[in-house]
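1. sharing a sequence plus its predicted fold:
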Amino acid sequence: MIAKYLTVAAAVILLTACAELLNVVQSTGTAPLTEAEVISGLKEALITGANNSCRILSAENGYYGDALVKIMLPDEAKVIVDNISKIPGGDKLVEDVVLRINRAAEDAAKEAAPVFINSIRQMTVQDAFNILRGADNAATSYLRNTTYSELYALYKPKIQASTDKDIVGTVSTTDSWNTLTGKWNTLANSVAGRIADLKPVNTDLNDYLTTKALNGIFLKVETEELKIRKDVSARVSPILQRVFGSLDNKTN
């Protein structure tokens, strides 16, 4: 009996949410939007934003040429950078490492769109309600929550393959990083290091770089979402114009 009441209550909540959603997006001067149109419009908006973001970042210099998303080595790598830059051609070696890392991220971005689209296709009515009524980055938050793990698994091997390539002789970026942090941590964990309050460095280089790469793609997705929400010219189809135009009417 309790299960029956819970089922009825859940149905009432869902129907109430749907009714409120339709009220929120009712068009002015035209027939009210149907639930199907709302879902279709939101899915199209997310797919458009995801495709645009991946296209931008997967192009040559998509990461490397954009200061907002360009992936740099961790702050702890400053000692490596400073010392390598002292040898002839050292600055170029460092920049080659940074370029290689960003190229790996650009390569991974080519495969990110299907991950986003798969998540978008699974969007529920309640998801749509939350996105439409949510903050200007609500769609981006939805995609981050539903795709982050899969994108991480996509990006990290490509980043790692880049850092494992030799940069000087038989020494790779990973080798240099491990040598640097290993020596530093030996000092930091020594009696003298503890007295001097030195802190061990526990940064996982590939995890750090992968996280930076993903932050970049979600930043681009957020930018595309904001365009569709705020810029009428970014609504490139009738359904986008109807769904998001109804929100314009609500804010006027």
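-> The structure has been received and is ready for your questions.

2. contacts and neighbour counts: CA atoms only from here.
-> OK.

3. so which helix or strand takes in the residue most central in space within the chain?
-> With distances taken as C-alpha atoms, centre = their mean, Phe218 lies nearest the centre of the chain, 2.6 Å away. Following DSSP states H and E, one finds Phe218 within helix 205-230.

4. what helices or strands is that helix leaning on?
-> helix 35-58, helix 90-109, helix 138-163 (3 or more C-alpha pairs under 8 Å, 6 or more residues apart in numbering; DSSP states H and E).

5. grab the CA positions of the second one and hand them over as CSV.
-> So that's helix 90-109. Taking C-alpha atoms only, helix 90-109 is exported to CSV below (Å, rounded to 0.1, in the frame of the first residue of the first chain):
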residue,chain,number,x,y,z
GLY,A,90,66.0,25.4,-23.6
ASP,A,91,63.2,27.8,-24.0
LYS,A,92,62.2,26.1,-27.2
LEU,A,93,62.3,22.7,-25.5
VAL,A,94,59.9,23.9,-22.8
GLU,A,95,57.5,25.5,-25.3
ASP,A,96,57.6,22.3,-27.4
VAL,A,97,56.4,20.4,-24.3
VAL,A,98,53.6,22.9,-23.8
LEU,A,99,52.7,22.7,-27.5
ARG,A,100,52.7,18.9,-27.4
ILE,A,101,50.4,18.8,-24.4
ASN,A,102,47.9,21.2,-26.0
ARG,A,103,48.0,19.3,-29.3
ALA,A,104,47.1,16.2,-27.4
ALA,A,105,44.1,18.1,-25.9
GLU,A,106,43.1,19.3,-29.3
ASP,A,107,43.2,15.8,-30.6
ALA,A,108,41.0,14.5,-27.7
ALA,A,109,38.5,17.3,-28.4
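
6. for the host helix or strand of Asp175, packing partners?
-> Assigned by DSSP H and E, Asp175 falls within helix 173-188. In terms of contacts (3+ C-alpha pairs under 8 Å, 6+ apart), helix 173-188 is packed against helix 78-84.

7. any idea how far the helix it packs on is from the middle of the chain?
-> The chain centre lies 29 Å from the centre of helix 78-84; the measure is C-alpha atoms, centre = their mean, to the nearest Å.

8. contacts for that helix?
-> With contact meaning C-alpha atoms under 8 Å, 6 or more residues apart in numbering, helix 78-84 is reached by 90-91, 93-94, 176-177, 180.
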